[in-house]
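> here are the coordinates; sequence isn't available:
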């Protein structure tokens, strides 16, 4: 049993971590941290619980610790980070210097040359960047990142299509309000509305996707050469990011061949990994957030509406943004770290 902790455990993603870790067969939750204001309180006192299942009883009574390496027990083997990136960029290096392995959902350092940005089913070999990272940074710990919630929705489908050669990708997103955190978008802003801009989101999709699809040569990742452009929009759904993707390919596959490529997407023999990775729908009006965000327990990507265009293939894809797109992605990376012997 691997003893784990959660950095930033009281927030929306931290709560998802706790939900997903409940009854996990291989991970034992041993520590939860939050801000100094919450340190010393029980988790039930510190967290305004908003997840759709009850707080596990053993977690409710846990004492919240300050987010400091000196406050986390030495026998914790793996930390999951859901800290705001502005906090994580200061705090995570302290834990890494102290020798902890950190699987982080925070956006800082995702594009750093020596930090693995990983989707286990897509690029598990990128974990070997940890060796480069330790050599360059001189720490005993290891830092692994998962991508942005909108990026992780699209990239599994692109990886499947890369057998046909990807030249250009255009994506327009319809993103749920939970992606902004509980207080990120006010009800007066989003009800009866759509917001055609999410700060920084386009750049994350355009860069992270190319790093994830890139080739690792043992020393560095050579990013994929495709051009990626994104337009990101907030809509009044609670969970589930829906994306409309246009892919220009070297080859001209049939619609049936695209569906076959999606169905052939690899999975991983890990507890949290879905099988299949991509659930396909042939109906032109699927997937839909309310109907399909929980495919694969919220860990799969749903794809459908495939059709030819003058320049290539158009389709829709969807994933649960706080499960597959955040806590579940970090949890799966943690399982891969254990499986590959990094923990």
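Yep, that arrived. This one's a predicted model, so the numbers in the text were calculated from it and none came from an experiment.

> and residue 5, how many neighbours?
Counted by other C-beta atoms under 10 Å, the residues lying close to residue 5 total 25. In this view, the C-beta of every residue, glycine as well, is placed from N, C-alpha and C.

> where's it, which helix or strand?
Assessed by DSSP states H and E, residue 5 sits inside strand 2-7.

> equivalent analysis for residue 143, please.
Judged by DSSP H and E, residue 143 forms part of strand 142-145.

> ok, and what's touching that strand?
Strand 142-145 has contacts (C-beta atoms under 8 Å, 6 or more residues apart in numbering) with 92, 96, 101-106, 109-110, 115-118, 127, 130, 133-134, 333, 337, 342.

> what about those residues, which are in strands?
When those are checked against strands (DSSP state E), the matches are 101-104.

> for my notes, confirm residue 157 occurs in a strand.
No - per DSSP: H, G, I helix; E, B strand; the rest coil, residue 157 lies outside any strand segment and is helix.

> show me how this protein divides into domains.
2-147+326-339, 149-320 (automatic domain parsing).

> for the helix or strand hosting residue 154, the averaged confidence score.
Here residue 154 sits within helix 149-161, counting by DSSP H and E. Average pLDDT, helix 149-161: 98.

> please name every helix or strand in contact with it.
Applying 3 or more C-beta pairs under 8 Å, 6 or more residues apart in numbering; DSSP states H and E, we find helix 149-161 packed against strand 166-175, helix 201-212, strand 241-249, helix 255-263, strand 278-281, strand 301-309, strand 312-319.

> okay, angle between that helix and helix 201-212 too, please.
Counting by axes from the mean of the first three to the mean of the last three C-alpha atoms, to 10 degrees, helix 149-161 lies at 40 degrees to helix 201-212.

> helix 149-161 to strand 301-309, inter-axis angle?
Helix 149-161 and strand 301-309 are oriented at 60 degrees to each other (the same axes, to 10 degrees).

> what angle do helix 149-161 and strand 166-175 make?
Going by the same axes, to 10 degrees, helix 149-161 makes 150 degrees with strand 166-175.

> that older thread, which one of the ones in strands among the contacts of strand 142-145 is nearest residue 216?
Distance to residue 216, by C-beta to C-beta, is smallest for residue 103 among the ones in strands among the contacts of strand 142-145, at 18.3 Å.

> hey, what's that closest one bridged with?
In this entry, residue 103 is beta-bridged to residue 80, residue 144, by DSSP bridges.

> could you list the low-confidence segments of the stretch 1-150 of the chain?
Low-confidence segments of the stretch 1-150 of the chain, defined by pLDDT under 70, are absent.

> helices or strands up against the strand holding residue 5?
Going by 3+ C-beta pairs under 8 Å, 6+ apart, strand 2-7 lies up against helix 12-21, strand 27-34, strand 78-81, helix 85-97.

> just those: most buried one?
strand 78-81 (a mean of 26; mean count of other C-beta atoms under 10 Å).

> so what touches it?
Here strand 78-81 makes contact (C-beta under 8 Å, 6+ apart) with 2-8, 17, 27, 72, 88, 92, 95, 100-106, 327, 330-331, 334, 337-338, 343.

> if we go to 6 Å?
Strand 78-81 is contacted from outside by 2, 4-7, 17, 88, 100-104, 106, 330, 334, 343, using C-beta atoms under 6 Å, 6 or more residues apart in numbering.

> next: stretch 287-302.
With contacts defined as C-beta under 6 Å, 6+ apart, stretch 287-302 is touched by 156, 237, 239-240, 242, 274, 278-279, 281, 304, 317-320, 323-324, 328.

> hmm, residue 47 is touching residue 12, no?
No - in this structure, residue 47 is not within contact of residue 12 by C-beta atoms under 6 Å, at 10.1 Å.

> from residue 93, how far out is the closest residue in space to residue 61 that isn't next to it in sequence?
Excluding the flanking residues, the one nearest residue 61 by C-beta to C-beta, 6 or more residues apart in numbering is residue 42, at 5.7 Å. As for residue 42, its distance to residue 93 is 29 Å (criterion: C-beta to C-beta, to the nearest Å).

> report pLDDT for residue 311.
86.

> contacting residues around it?
Contacts of residue 311 (C-beta under 6 Å, 6+ apart): residue 248.

> residues of stretch 177-186 that come out buried?
177-180, 185 (16 or more other C-beta atoms under 10 Å).

> report the rounded mean pLDDT for it.
Stretch 177-186 comes out at a mean pLDDT of 88.

> equivalent analysis for stretch 259-268, please.
98.

> what lies in contact with it?
120-121, 156, 160-161, 163, 273, 275, 277-278, 280, 303.

> residue 228 reaches residue 169, doesn't it?
Yes - Residue 228 lies in contact with residue 169 (C-beta under 6 Å); the separation is 4.6 Å.

> which one of these two is surrounded by more residues?
Set residue 228 next to residue 169 and count neighbours by other C-beta under 10 Å: residue 169 wins out with 27 against 23.

> residues touching that one, list them.
By C-beta under 6 Å, 6+ apart, the neighbours of residue 169 are 226, 228, 247.

> do the same with residue 44
So, once contact is read as C-beta under 6 Å, 6+ apart, residue 44 ends up touching residue 60.
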